[in-house]
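Enquirer: The following comprises the amino acid sequence and a computationally predicted model.
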Amino acid sequence: MKTPVPNKRLLLPSLIASAFAVALLPGPALASEAELLKKIEALQTQIDALKAEAMAQRAAIEAKAPAVVAAPAAAQSAGNASPVTSKVEDGYIVWSSADGNYELKLDGRVQLDLGSVDADKNGGVVKSDTKFRRVRLATKSKLGKDWEAEFDLDFANNAVDTKDMWLAYKGIPNASIKLGHFKPHFSLDQVTSSRVATYMESSVATELFAPSRRIGLAGDYANDWFFVGAGVFGDKANTDGEARDNPSLNGESETHGYSMRAVARPFWRGEANKVFHIGLNVLNNRPRSNAKPDDARMKFASVMENELSQIEFVDTKQIQGVDSALTTGLELAFKYGPHMLSGEYLHTKVRLGGVRPDMDAALAAQWPSIRGPKFDSYYVAYSYFLRGDRKYDPMSAEFAGVSGSNALELTARYSMADMNDPDGGYTRNRTSSYRATSRGVFGGKAKIATLGMNWYPNANLKFVLNYMLIKLDNNADADAGSFAYANGTVVPILGGDKIKVLGLRAQYMF
C-alpha cells in the first residue's frame with residue numbers, strides 16, 4: 001500500500017499550532033524553558049523530515065510519468081502500427097511512416113505547348129499547333145530502409161506510354177543499383193528531367209543519339225568529388241515506338257548496348273551557388289534486332305527542338321549493315337551565382353558488319369573497303385537568373401529544380417548537328433536491295449539558335465517561352481523519298497529551309 005503524500009498546505013500550520021498549544025500549557029506541564037526549546041527543536045526536525053519525504057515521493061511520481069506516456073507509442077511500434085504523416089516537399093506530395101522507412105511521393109505533370117511555326121520553303125507542310133506534350137502520373141516509393149521504386153505513365157496523345165518503371169537498391173552508401181525501364185547514363189542534357197529542364201526540348205545535338213528509356217540494369221556512385229554511372233540496356237518497353245528508337249521487330253532477337261557517364265567536380269564542392277563539373281560519356285548502341293540480314297540497320301533522326309511540328313528534318317534514313325554505333329561525348333557545366341553555362345560535344349562512329357547475304361556481287365566485293373559513317377554535334381547553353389536560383393544535385397550530377405518564389409530566368413542556346421557523310425556507309429534506297437548509287441549518308445545539317453525566358457511562380461508552376469531560328473542545309477529531308485501532307489495533298493519536303501518557331505509551354509506539377 002502506498003504511503004499517502006502529506007498535504008503541505010496543512011502540514012506547517014498544524015505543527016505551528018501544536019507548538020503554540022504546548023507553549024500555552026500551564027506551568028506544571030513543562031519543567032522549564034529549556035525543555036520547551038527542546039520540544040520546539042524536535043518539532044522542527046519532524047517538519048524537515050516530513051518535507052524531505054514529500055519531495056522524494058513527488059520526484060518518484062514525476063520520474064514514472066514519461067514511461068506511462070511513452071508506453072502506448074512503444075506498443076504501437078511493436079505492433080507495426082506506425083502513424084503515417086504527410087507533407088509537401090519541393091512540390092511533391094509525400095506520405096511517410098513515422099520511422100522514415102516507407103515513403104510515397106505523388107508526381108503529376110501536365111505540359112501544354114502552343115505556338116507558331118513558319119518556314120520559308122515548307123510553309124505548306126509545317127504547321128502551328130497546340131498540344132499536350134506530356135500528361136504524366138507517377139509514384140516514387142521507398143520500400144523499407146534500402147529499396148526505392150518508381151512507376152510512371154504518360155497519357156498524352158490519347159495513348160498510354162510507359163516511362164520510368166524501375167526498382168533500385170540503395171543499401172550501399174552513396175550508391176544505387178537500378179533494374180527496370182529508365183534512361184541510360186548518358187549526357188547531361190538527356191538525364192535532366194523534363195520537370196526541371198531549362199528549354200522546351202532537349203538539344204538536337206544529343207537527341208539524335210540518345211537511346212531514350214530502355215529496359216536495363218545500371219549502377220552509380222557519387223560523392224563530393226565525382227559521379228560515375230554505367231549500365232547495359234536492351235529494348236524499350238514499347239517496342240512499337242518511334243522509328244528513331246530502332247525498336248526490335250516482333251519475333252526477332254533483342255540486342256544489347258551499354259553506356260557510361262563519369263563526372264568530376266574539382267572545385268567548389270558542397271557550395272550550392274558554385275558549380276564546375278566536367279564529364280565524359282560513352283554510349284554503344286546496336287540495332288534493335290539483327291536476326292535477319294535486312295534488320296541490321298539503324299537510323300538517327302530528330303525533330304527540331306520542338307514538338308509543335310513533328311517533321312524530322314534531320315534524318316539519316318536506315319543505315320544498312322550496321323553492327324553498332326559508338327558515341328563519345330564531353331560535357332562541361334559552370335555555375336557561379338545567377339550565371340549558368342553548359343555545353344556538350346558528341347562524336348558518333350557507326351561500325352558496319354560483314355558482307356550481307358542479300359548484297360549484290362558488286363557491292364559485296366567493295367564492302368570491306370567501305371567505312372562506317374561518322375557524325376558530329378554540339379550545343380552551348382547559357383542562362384541568367386534575375387530572381388531565384390537553380391539547384392545542383394551532386395548525387396546525380398545534374399541541375400535540379402529552381403529555388404525561390406517568383407523566379408525569373410533568361411536563356412540562350414545554340415545547337416549544331418551534322419548528319420552528312422558522303423563517304424561512309426549505305427542508306428536504303430527505294431528498291432528492296434543494296435545498290436552502289438546509295439553509298440554515303442545524307443541526313444542533313446541543322447543549326448538552331450534559341451532565345452527564351454522562364455517564369456517559376458512557385459515550385460509547382462513553370463512557364464517557358466522559346467523563340468527558335470532553325471537553318472537547314474539542302475540534305476535536310478530533301479531527298480525524293482521524303483513526303484508530308486499539306487491541305488490533303490502529298491508534297492515533298494524541301495531542304496535548305498529556314499524555320500522560325502515561337503513556342504510557349506505552361507506546366508503545372510503536383
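Expert: Thanks, I have the structure now. Residues are numbered from 1 along each chain as shown.

Enquirer: Please parse this structure into its domains.
Expert: Using automatic domain parsing, the domains assigned to the chain come out as 8-78, 84-509.

Enquirer: worst average pLDDT in the ones you listed?
Expert: Mean pLDDT is lowest for domain 8-78 among those, at a mean of 59.

Enquirer: Please tabulate the domains of the chain in CSV, including the columns mean neighbour count.
Expert: All C-beta atoms are positioned from the backbone trio N, CA, C, and that covers glycine. Output for those, formatted as CSV (neighbours: other CB atoms under 10 Å):
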stretch, mean neighbour count
domain 8-78, 11
domain 84-509, 18
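
Enquirer: My guess is M419 contacts L208. True?
Expert: Yes: M419 is in contact with L208 according to CB atoms under 8 Å; the separation is 7.0 Å.

Enquirer: anything in contact with each of those two?
Expert: Overlap of the contact sets of M419 and L208 (by CB atoms under 8 Å, 6 or more residues apart in numbering) consists of 300, 314, 375.

Enquirer: packing partners for the helix or strand V490 falls within?
Expert: Assigned by DSSP states H and E, V490 belongs to strand 489-492. If contacts are counted by 3 or more CB pairs under 8 Å, 6 or more residues apart in numbering; DSSP states H and E, strand 489-492 sits against strand 483-486.

Enquirer: related to what we said a few turns ago, given the helix or strand just after the strand holding V490, what are its sheet partners and their directions?
Expert: Counting by DSSP H and E, the element after strand 489-492 in chain order, helix or strand, is strand 498-509. Applying DSSP bridges, strand 498-509 is found paired with strand 102-119 (antiparallel), strand 461-472 (antiparallel).

Enquirer: Could I get the full set of helices for the chain?
Expert: Using DSSP state H, the helices found in the chain span residues 8-23, 33-78, 188-191, 204-207, 361-366.

Enquirer: now K462: how far from S193?
Expert: According to CB to CB, to the nearest Å, K462 and S193 sit 12 Å apart.

Enquirer: close enough to count as contact, L153 and L137?
Expert: Yes: if you go by CB under 8 Å, L153 and L137 touch, sitting 5.9 Å apart.

Enquirer: how about L137, what does it touch?
Expert: 107-109, 152-153, 155.

Enquirer: One more pass at 7 Å, please.
Expert: 108, 153 (CB atoms under 7 Å, 6 or more residues apart in numbering).

Enquirer: for the one 10 residues further on, same thing?
Expert: Applying CB under 7 Å, 6+ apart, one finds that W147 lies in contact with 167, 169.

Enquirer: so S403 bridges to which residues?
Expert: Going by DSSP bridges, S403 forms beta bridges with D389.

Enquirer: my guess is it meets R387, correct?
Expert: No: the pair S403 / R387 is not scored as a contact, 10.5 Å apart, by CB atoms under 7 Å.

Enquirer: and for these two, which residues touch both?
Expert: The contact lists of S403 and R387 share no entry, where a contact means CB under 7 Å, 6+ apart.

Enquirer: just checking, I93 touches L104?
Expert: No: counting by CB under 7 Å, I93 stays clear of L104, with 8.9 Å between them.

Enquirer: how far away is E344 from H277?
Expert: 12 Å.
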